[in-house]
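K.L.:
sequence plus the predicted model coming up.
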Amino acid sequence: STCDPWTAISAVIRKKLQGYVGFANLPNQVHRKSVKKGFHFTVMIVGESGLGKSTLVNTLFGTTLYPNKGETEPSDETPKTVEIQSLSADIEENGVKLRLTVVDTPGFGDFVNNEESWKPILENIEARFDAYLEQENRVNRRKMVDNRVHACIYFIAPTGHSLKPLDVEFMRRLHTKVNLIPVIAKSDTLTEDEIKQFKQRILDDIAYHKIQIYQAPQYEYDDQETLAENREIISKIPFAIVGSDKEVELPDGRRVRGRKYPWGVIEVDNEEHNDFVKLRQMLIRTHMEELKEHTNDVLYENYRSEKLVTMGVQQDQTVFKEVNPLAKMEEERALHEAKLQKMETEMKMVFQQKVQEKEAKLKQSEEELYARHKEMKDALEKQRLELEEKKRRLESGRPITPEKAKKKGFSFNNK
Ligand code: GTP
């Protein structure tokens, strides 16, 4: 029951949103094209039974994605492994569409032996990578469907101590494959001080085991407000959350989502009471695109290249190339690159030839110009010489005027 979950079990439900969720802000995160296509986000929820996973999902998206537990037929047989179920809903806010897929992992940590609870989850994440890889290899890549898991919310039981071996094992196995977002479940069962200390211990454990949880990047080009907002979000990790899809009444008569206790009400949407708002902000309003990008550019890319390497090894051992789509793809890519290279060389050659032609032409016209110039100069010189000769002849054969004669000392006798 663990394979092909995104088609098998997923049912797309249209949902009307109650209240503001915040993904109408998504167009600010990416460009227009995505708005037209609609957004697609897949989030995985992992944690032991009863930690409030379904409640959180319902709270997070302001819609009952999960039917009431009472309405579902309880199944007679208890599953022997971690089951993986996925559920999609098309939700819309201010004309912005979001297809949200939630991948649930019931059964995680519920067995006597939980040593390999992480395994079906890892397999599921990798199967989704494989499905994407397979699409990339297709000739027609226009209709790519991205079913990769973009974020994994991991529920930590509110023990107030530290991480359990199960938590460490899960995160250690998964941290290079998915964006891990740890949360402290049902944080209303801990006091403020307990939460503070628990958070620190969790972070210490995570660091000690060299686990890479999702790190929201800080961009220098972001404005001060965004940077501050990001810092604030990051400072809350692991988010201490409270979930509730029910409204309760406050003493002043207002109705809010929360949990009622004899000593008062814990409000889900109140940042003073818990980190739910910050978690939602990060997932939906500020980091959805970043989570998708990191999944594609880092997590998937690492998986893909590792896969290519192992495929490459197999390729050396057998005549694998013909049937291996990855090798084929690589080959196609190499061919394409060679083609581009050839085109570039050809273009360079044509360019060079054109330049040479132009240069030759210029040189020719220059020579022509020079020749014409010389011709004209010669003609002028010839003309000048002729004129000079004429002048000389005229001067020598001309009768002398009286003035000139006088100057020359001739004397005239006019009488
Ligand atoms: P499974 O479906 O068994 O995996 O459980 P789950 O993790 O989905 O838990 P679910 O959402 O069904 O919640 C289990 C119980 O915990 C319900 O009674 C919820 O009302 C309650 N619960 C959920 N969230 C919180 C919370 O933040 N604080 C407290 N105190 N109780 C919660």
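P.N.:
It's in.
K.L.:
list the beta-bridge partners for Arg255.
P.N.:
Glu249 (DSSP bridges).
K.L.:
contacting residues for it?
P.N.:
Contacts for Arg255 (CB atoms under 8 Å, 6 or more residues apart in numbering) come out as 247-249. Bear in mind the C-beta positions are built from the backbone N, C-alpha and C, glycine included.
K.L.:
quick one: it from the ligand, how far?
P.N.:
Arg255 is 18 Å from the ligand, where distance means CB to the nearest ligand atom, to the nearest Å.
K.L.:
likewise Ala131?
P.N.:
26 Å.
K.L.:
same deal with Leu98?
P.N.:
Distance of Leu98 to the ligand, computed by CB to the nearest ligand atom: 22 Å.
K.L.:
with Thr176 instead?
P.N.:
Using CB to the nearest ligand atom, we find Thr176 at a distance of 25 Å from the ligand.
K.L.:
in a helix, that residue, correct?
P.N.:
No: counting by DSSP: H, G, I helix; E, B strand; the rest coil, Thr176 falls outside a helix, being coil.
K.L.:
ok now the host helix or strand of Glu92, how far from the chain's centre?
P.N.:
Assessed by DSSP states H and E, Glu92 sits inside strand 85-93. Relative to its chain's centre, strand 85-93 lies at 22 Å (CA atoms, centre = their mean, to the nearest Å).
K.L.:
for the residue of the stretch 1-150 of the chain found nearest the ligand, give me its contacts.
P.N.:
At 2.7 Å from the ligand, Gly52 is the closest residue in the stretch 1-150 of the chain, using CB to the nearest ligand atom. Shown in contact with Gly52 (CB under 8 Å, 6+ apart): 155, 185-186, 243.
K.L.:
now with 10 Å?
P.N.:
If you count contacts by CB atoms under 10 Å, 6 or more residues apart in numbering, Gly52 has them with 58-59, 155, 158, 183, 185-188, 241-244.
K.L.:
run through the residues you listed and flag the ones next to the ligand.
P.N.:
Among the contacts of Gly52, the residues that sit close to the ligand (CB under 6 Å from any ligand atom) are 186, 188, 242-243.
K.L.:
now render those residues as JSON lines, adding neighbour count, secondary structure and pLDDT.
P.N.:
Putting those into JSON lines (neighbours: other CB atoms under 10 Å; DSSP: H, G, I helix; E, B strand; the rest coil; pLDDT from 0 to 100) gives the following:
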{"residue": "Lys186", "neighbour count": "20", "secondary structure": "coil", "pLDDT": "95"}
{"residue": "Asp188", "neighbour count": "21", "secondary structure": "helix", "pLDDT": "92"}
{"residue": "Val242", "neighbour count": "26", "secondary structure": "coil", "pLDDT": "94"}
{"residue": "Gly243", "neighbour count": "24", "secondary structure": "coil", "pLDDT": "90"}
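K.L.:
what about His385, how many residues nearby?
P.N.:
Careful, residue 385 is Leu and not His. 10 (other CB atoms under 10 Å).
K.L.:
go on, Met144?
P.N.:
The number of residues packed near Met144 is 11, by other CB under 10 Å.
K.L.:
tell me the pLDDT at it?
P.N.:
For Met144, the pLDDT comes out at 80.
K.L.:
just use 2 as the starting number from now, easier for me
P.N.:
Shifting the count to begin at 2 puts that one at Met145.
K.L.:
which SS state does it fall under?
P.N.:
Here Met145 is recorded as coil under three-state DSSP.
K.L.:
please name the residues that touch it.
P.N.:
133, 136-137, 139.
K.L.:
among those residues, which two are most distant?
P.N.:
Tyr133 and Arg139 (10.9 Å; CB to CB).
K.L.:
quick check: closest non-adjacent residue to the closest residue to the ligand within the stretch 302-416 of the chain.
P.N.:
Residue nearest to the ligand within the stretch 302-416 of the chain: Tyr304 (27.7 Å; CB to the nearest ligand atom). In space, and not counting its chain neighbours, Tyr304 is closest to Phe130: 4.9 Å by CB to CB, 6 or more residues apart in numbering.
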